[in-house]
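Q: This is a predicted model, with the sequence first.
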Amino acid sequence: MSVVDNPDLMPISDALSAILQMAPKPTETEVVYLEHAVGRVLAESPIAAVDVPPADNSSMDGYAINSCSINEGGKTTFAVSQRVPAGRAPQPLVSGTAARIFTGAEIPQGADAIVIQENAQFDGEKVVMDGPVQVGQNIRAKGQDIKVGQVFLAKGVRLQAADVGVLASTGLDSIAVFRPIKVAIISTGDELVSPGESLAPGQIYNSNRFVLASLLTQMGCVPIDIGKVADTAEAVEEALEQAAEQADCIISTGGVSVGEEDHVKQSVERLGKLDVWRLKIKPGKPLAFGSVKETPFFGLPGNPASALITFCLLARPFLIRMQGAGYALPLAFNVPADFEHLKSGNRQEYMRARMEQGRIAVFHNQSSGILSSASWSNGLVVIPPGSVVHKGDLVSFIPFSELLG
Ligand SMILES: Nc1nc2c(c(=O)[nH]1)N[C@H]1C(S)=C(S)[C@@H](COP(=O)(O)OP(=O)(O)OC[C@H]3O[C@@H](n4cnc5c(N)ncnc54)[C@H](O)[C@@H]3O)O[C@H]1N2
Ligand code: MOO
């Protein structure tokens, strides 16, 4: 039975696991300089060529001594035998003396403790300190961050700012990452006009294209705009074929519902196959997933809030896998509701919501045509099928930070 003939709506968890299983693993890699590495996905597990830090060094400004040369219970006077700023190789410590040392400077051989300058009295020639001191105090050990030979990041990690810094700290200036995924965007609908043009009666501006291009860019994919496509089977098929040639994945909006102007499902079935259609979610019910000539395809509903939410919940996880990164379900938090939702539904509902001062408010109009609802929100409240919400009930809230980027 074709998915189009199945009258049942699919639970989102089933759809997501089916979709994720079909995500192809990336094979093509490229080497990028660290300047361009943030957000990219590691195609190798780097091995440290050096210890980080490369040598024992001082964590404070003060004096390096050998702990054996200080009186345990009283004052000791040391001659200052050398000065070691960061960046200068120290001489071995002359026995019974102290070395003036600064934060980040390498510990002279023979020294095993740093006394901070606030606890030492320097008279211009000699320095007086109180004992006892702990062996190793204020010393950062060689390799305490990363050891030479250590695999310090795993293939599949999406590089954050700190990761790029960690790579740099081992001396790497470039790294192998997976090639960015190209995603074609098809905007179906006779009514669509590009921003900047004037509106004739019956027309609306194409906002989905900009939402999707922005979401894709934010997650490190390369959007390819196939443009606006008329509501005819021929036009939709032509666009799908063009998209399949140019991109690694195709995302269309609109034309996936049941009206006779909705050509996307049938066109996909003619050119490839449809694996998923119609989910038990609100908004986003008519979501379609399949392939066009082997190229994965998502047909998102045309309603702007539905397109955004289905992208976040289904297309984004798939693209993350395609990028070679690990996908983890978004973190959700139980937060008291500052709203009522007394009409239960049979689909899992994703309400555009805002968490403020530890409580959740929802946008006053949850119509899937209202894109401002998402613009106003900082996350989604998940209302399971058959549930109602009273003020003060704990509701599951997924911040947009978990669903974007
Ligand atoms: N008889 C039924 N009608 C509808 C059903 C249903 O089950 N039975 N489902 C409804 C649901 S739920 C949704 S969601 C929509 C989705 O329909 P389509 O994906 O076919 O989308 P369109 O009809 O093409 O457009 C819907 C809506 O969105 C506007 N739109 C489309 N593209 C864009 C764009 N690029 N930028 C901004 N706005 C866009 C379009 O003008 C429509 O207003 O179907 C329901 N109908
Ligand atoms: O599923 Mo539709 O997206 O509710 O409007």
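A: Cool, got the structure. Ligands and ions are numbered 1, 2, ... in the order given.
Q: use CA for all of it now, contacts and neighbours both
A: Will do.
Q: what's in contact with stretch 259-273?
A: 4, 231-233, 236-237, 240-241, 254-256, 274, 288, 290-294, 299 (Cα atoms under 8 Å, 6 or more residues apart in numbering).
Q: Quick check: chain neighbours aside, which residue is closest to Thr29?
A: Leaving out its chain neighbours, the residue that sits closest to Thr29 by Cα to Cα, 6 or more residues apart in numbering is Phe178, at 4.2 Å.
Q: Is the one you found in contact with Thr27, as I believe?
A: Yes - using Cα atoms under 8 Å, Phe178 makes contact with Thr27 at a distance of 7.3 Å.
Q: Would you mind naming what in this structure lies close to ligand 1?
A: Contact residues, the chain versus ligand 1 (Cα under 6 Å from any ligand atom): 187, 189, 206-209, 253-258, 262, 284-286, 301-304, 306.
Q: 5 Å - rerun?
A: Residues of the chain found near ligand 1 (Cα under 5 Å from any ligand atom) are 206-208, 254-257, 301-303.
Q: What segments of the stretch 301-405 of the chain are strands?
A: For the stretch 301-405 of the chain, applying DSSP state E, counting those that start in this stretch gives strands covering 333-336, 348-356, 359-362, 379-383, 394-399.
Q: same thing with the stretch 101-250 of the chain?
A: 113-116, 120-122, 126-130, 139-140, 174-178, 182-188, 192-193, 204-205, 222-229, 249-253.
Q: Let me have those strands in a markdown table, extended by mean neighbour count and mean pLDDT.
A: A markdown table is the format used below for the strands of the stretch 101-250 of the chain (neighbours: other Cα atoms under 10 Å; pLDDT from 0 to 100):
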| stretch | mean neighbour count | mean pLDDT |
| --- | --- | --- |
| strand 113-116 | 24 | 98 |
| strand 120-122 | 15 | 97 |
| strand 126-130 | 18 | 96 |
| strand 139-140 | 20 | 98 |
| strand 174-178 | 21 | 98 |
| strand 182-188 | 26 | 98 |
| strand 192-193 | 18 | 98 |
| strand 204-205 | 16 | 98 |
| strand 222-229 | 19 | 98 |
| strand 249-253 | 27 | 98 |
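Q: Throw the ones you listed into a markdown table and include distance to Ala48, thanks.
A: Shown next, in a markdown table, are these (distance: least, Cα to Cα, whole Å):
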| stretch | distance to Ala48 |
| --- | --- |
| strand 113-116 | 28 |
| strand 120-122 | 38 |
| strand 126-130 | 39 |
| strand 139-140 | 18 |
| strand 174-178 | 12 |
| strand 182-188 | 32 |
| strand 192-193 | 53 |
| strand 204-205 | 52 |
| strand 222-229 | 31 |
| strand 249-253 | 35 |
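Q: Spell out which residues of the chain are next to ligand 2.
A: 282-285, 306, 368.
Q: And the top helix by length along the chain, what does it pack against?
A: Across the chain, the longest stretch assigned as helix under DSSP state H is helix 233-246. When contacts are defined as 3 or more Cα pairs under 8 Å, 6 or more residues apart in numbering; DSSP states H and E, helix 233-246 sits against strand 182-188, strand 222-229, strand 249-253, helix 264-271, strand 288-292.
Q: Read off the pLDDT value for Pro180.
A: Reported pLDDT at Pro180 in the predicted model: 97.
Q: Now it: closest residue in space, sequence neighbours ignored.
A: That would be Cys221: by Cα to Cα, 6+ apart, it lies 5.5 Å from Pro180.
Q: And the one you found, its phi and psi?
A: Main-chain dihedrals, Cys221, degrees, to the nearest 10: phi -90, psi 160.
Q: Number of residues surrounding it?
A: Applying other Cα atoms under 10 Å, we find 22 other residues in the vicinity of Cys221.
Q: residues in contact with it?
A: Here Cys221 is in contact with 180-183 (criterion: Cα under 8 Å, 6+ apart).
Q: try 10 Å this time
A: Applying Cα atoms under 10 Å, 6 or more residues apart in numbering to Cys221 gives the contacts 39-40, 179-183, 213-215, 319-320, 323, 405.
Q: So in terms of bridging, what pairs with the nearest residue to Glu241 once chain neighbours are set aside?
A: What sits nearest to Glu241 in space, not counting adjacent residues and going by Cα to Cα, 6+ apart, is Val292, at 7.4 Å. Beta-bridge partners for Val292, by DSSP bridges, are Gly272, Thr295.
Q: Relative to Asp56, how far out is Val292?
A: From Val292 over to Asp56 the distance is 58 Å, taken as Cα to Cα, to the nearest Å.
Q: When these two are compared, which one has more neighbours?
A: Val292 (25 against 21).
Q: separation between the more buried one and Arg352?
A: 32 Å.
Q: Also Ala162?
A: With Cα to Cα as the criterion, Ala162 and Arg352 are 31 Å apart.
Q: Please identify which of these two sits among more neighbours.
A: Arg352 (29 against 10).
Q: doesn't Ile383 make contact with that one?
A: No - with contact defined as Cα atoms under 10 Å, Arg352 does not reach Ile383; the gap is 11.1 Å.
Q: which residues do these two both contact?
A: Joint contacts of Arg352 and Ile383 (Cα under 10 Å, 6+ apart) are Phe397.
Q: Can you tell me, leaving aside adjacent residues, what's nearest to the most centrally placed residue in the chain?
A: What sits nearest the mean C-alpha location of the chain, by Cα atoms, centre = their mean, is Gly405, with 5.1 Å. Distance criterion Cα to Cα, 6+ apart; nearest residue to Gly405, sequence neighbours excluded, is Met219 at 4.2 Å.
Q: State the pLDDT value of that neighbour.
A: 96.
Q: Return the residues in contact with Lys25.
A: Going by Cα under 10 Å, 6+ apart, the list of residues near Lys25 reads 321-325.
Q: hang on, it is in a helix, isn't it?
A: No - applying DSSP: H, G, I helix; E, B strand; the rest coil, one finds Lys25 to be coil, outside a helix.
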